[in-house]
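Asks: can't give you the sequence, but here's the structure:
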Ligand SMILES: O=C(CO)COP(=O)(O)O
């Protein structure tokens with residue numbers, strides 16, 4: 001996560017992937033006559049050493065980190081417990097965490113959505129010391145990068161249950177103040193209806209963040225105020 005901007009009505013966190021982070025720094029350095037070839041070499045090195053170290057993010061003044069993304073859970077076998085441990089460590093280093101949870105299509109079709117996201121949330125909640133620094137991102141795996149967005153009703157149902165879970169297991173104040181955002185094929189066309197749901201507090205946007213419609217998605221933050 002490189003940048004946090006508050007644009008009056010919305011907080012916008014930009015989260016370039018690793019090479020994007022390096023190239024963002026490259027843009028900065030080239031403006032100061034830094035040698036671009038060195039930057040490319042630096043980029044390769046950064047990829048090799050990985051930018052996932054909490055300490056490196058802190059050193060680079062990068063305040064936010066995504067933990068528990070379904071790609072890492074699936075491809076790197078990150079368990080709920082491991083995700084919880086990473087959340088604890090990131091928080092202990094002073095980072096702010098966007099913690100992802102979400103069910104696969106099979107889990108949804110078998111009716112276990114809530115059990116799955118509750119177990120994922122429990123593993124995270126057990127390790128959180130300061131909820132001010134945590135955002136929960138509900139990202140149904142079947143909706144990520146597929147163009148198959150959850151309906152507003154589906155998103156609201158899970159967000160509402162998650163808030164209830166927080167209320168019962170963590171506390172009423174935390175349940176009320178914790179931001180629960182939705183991710184999975186959010187775009188300029190569907191963002192307003194999703195943002196209007198009472199328990200949807202924002203979005204984690206992938207593909208559409210690279211397009212002009214990202215501006216419309218940011219503006220959807222005003223939907224509930226109007
Ligand atoms: O999780 C996401 C990005 O990591 C969401 O991606 P999309 O908005 O492209 O579905």
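Replies: Structure received. From a predicted model like this one, the values you see are computed outputs, not experimental measurements. Numbers count the residues shown, from 1 in each chain.
Asks: nearest residue to the residue in the chain positioned nearest to the ligand in space, please, no chain neighbours.
Replies: The nearest approach of the chain to the ligand comes at residue 206, 2.2 Å away (CB to the nearest ligand atom). Where you see a C-beta, it was placed from the backbone N, CA and C, and this is true even at glycine. Once flanking residues are discounted, residue 206 sits nearest to residue 145: 6.0 Å by CB to CB, 6 or more residues apart in numbering.
Asks: equivalent analysis for residue 203, please.
Replies: Here the residue nearest residue 203, using CB to CB, 6+ apart, is residue 186, at 4.7 Å.
Asks: count the neighbours of the one you found for me.
Replies: 28 (other CB atoms under 10 Å).
Asks: quick one: the helix or strand hosting residue 219 to chain centroid distance?
Replies: Residue 219 belongs to helix 214-219 when assigned by DSSP states H and E. Relative to its parent chain, helix 214-219 has a centroid offset of 16 Å by CA atoms, centre = their mean, to the nearest Å.
Asks: buried ones in that helix, by neighbour count?
Replies: For helix 214-219, a neighbour-count test (16 or more other CB atoms under 10 Å) marks 214, 217-219 as buried.
Asks: mind listing what residue 108 touches?
Replies: Taking CB atoms under 8 Å, 6 or more residues apart in numbering, we find residue 108 in contact with 140, 142.
Asks: for it, helix, strand, or coil?
Replies: Using DSSP: H, G, I helix; E, B strand; the rest coil, the structure places residue 108 in helix.
Asks: show the pLDDT at it.
Replies: Looking at residue 108, its pLDDT stands at 98.
Asks: repeat that for residue 60.
Replies: Residue 60 is given a pLDDT of 77.
Asks: by mean pLDDT, which helix or strand of the protein comes out lowest?
Replies: Across the helices and strands of the chain, the lowest-confidence element by mean pLDDT, DSSP states H and E is helix 36-49, at a mean of 37.
Asks: hmm, residue 221 is touching residue 195, no?
Replies: Yes - counting by CB atoms under 8 Å, residue 221 does reach residue 195; the two are 6.8 Å apart.
Asks: who's more crowded, these two?
Replies: Shown here are residue 221 and residue 195; by other CB under 10 Å, residue 195 has more neighbours (22 against 19).
Asks: just checking, what packs against the longest helix along the chain?
Replies: In the chain, assigned by DSSP state H, the helix with the most residues is helix 152-169. Here helix 152-169 touches helix 113-125, strand 134-138, helix 172-177, strand 180-183, helix 191-195, going by 3 or more CB pairs under 8 Å, 6 or more residues apart in numbering; DSSP states H and E.
Asks: wait, which of the ones you listed is closest to residue 152?
Replies: Taking CB to CB, helix 191-195 is the member of the helices and strands packed on helix 152-169 nearest to residue 152, at 4.8 Å.
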